[in-house]
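Asks: here is the input, now give the coordinates:
(one chain, ligands or ions: 1)
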Amino acid sequence: MTDHKQRFEALKARYPYMFVECVGHMQKGWLPVFEELCHQVDPLGGEEAQLHWVQLEEKRGHASWIVKFRNKTRANTLRLLQMSDLILAAEASTAKICIVCGEPGDVDVGLVPNLALCQHHHEQHARGEPLHFKIL
Ligand SMILES: [Zn+2]
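Replies: Alright, predicted model coming up:
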């Protein structure tokens with residue numbers, strides 16, 4: 001098992017309630033941002049609200065981490081609003097982080113697909129070489 005895979009599995013084991021119906025693939029370079037986000041959301045009552053990730057994807061160069069919660073009470077709606085700010089900020093920050101390696105990067109608008117890449121991985125992408133950024 002790769003280091004990224006182990007870290008992602010450890011995160012799931014720590015917060016099992018967050019991953020009850022999760023699809024998509026976490027991205028290697030963005031794993032530290034996502035780990036931090038899970039650590040921030042948990043103390044806000046994530047488990048009580050039965051907050052869970054439904055989709056973890058890359059979209060137009062940045063992360064698209066879609067979340068749902070099960071217990072639709074007023075308290076949980078307020079919690080979700082608080083969490084939304086954290087989630088949006090984390091997603092936005094990934095546009096400046098290489099999706100492959102986690103080094104500072106930028107969304108590469110000249111190449112399709114548009115990916116947030118560091119200089120090294122931009123060059124690899126421009127040469128048409130495959131980029132392996134999904135944690136499978
Ligand atoms: Zn990179």
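Asks: least confident secondary structure element in this protein?
Replies: Within the chain, confidence by mean pLDDT, DSSP states H and E is lowest for strand 23-24 among all helices and strands, at a mean of 86.
Asks: just checking: what are the partner strands of that strand?
Replies: strand 51-59 (parallel) (DSSP bridges).
Asks: so what's the gap between the strand it pairs with and the chain middle?
Replies: 7 Å (Cα atoms, centre = their mean, to the nearest Å).
Asks: buried set for that strand?
Replies: Leu51, His52, Trp53, Leu56, Glu58 (16 or more other Cβ atoms under 10 Å). Quick note: C-beta positions are derived from backbone N, CA and C, even for glycine.
Asks: nearest residue to the last one other than its sequence neighbours?
Replies: What that stands for is Glu58. Gln27 (5.8 Å; Cβ to Cβ, 6 or more residues apart in numbering).
Asks: what about the one you found, how many neighbours?
Replies: 25 (other Cβ atoms under 10 Å).
Asks: next one: Ala92
Replies: 11.
Asks: let's verify it: helix, strand, or coil?
Replies: helix (DSSP: H, G, I helix; E, B strand; the rest coil).
Asks: and the gap between it and the ion?
Replies: Counting by Cβ to the ion, to the nearest Å, the gap from Ala92 to the ion is 19 Å.
Asks: confidence score at that residue?
Replies: At Ala92, the model reports a pLDDT of 96.
Asks: can you check Met1 too?
Replies: 65.
Asks: can you list the residues of the chain near the ion?
Replies: Within the chain, the positions lying close to the ion (Cβ under 5 Å from the ion) are Cys98, Val100, Cys101, Glu103, Cys118, His121.
Asks: ok, now which ones touch the residue nearest to Glu58?
Replies: Leu56, Glu58, Ala63, Thr94, Ile99, Phe133, Lys134, Ile135 (Cβ atoms under 8 Å, 6 or more residues apart in numbering).
Asks: wait, which of the residues you listed is closest to the ion?
Replies: Ile99 (7.6 Å; Cβ to the ion).
Asks: for the closest one, give me the backbone phi and psi.
Replies: With angles defined as degrees, to the nearest 10, Ile99 sits at phi -70, psi -20.
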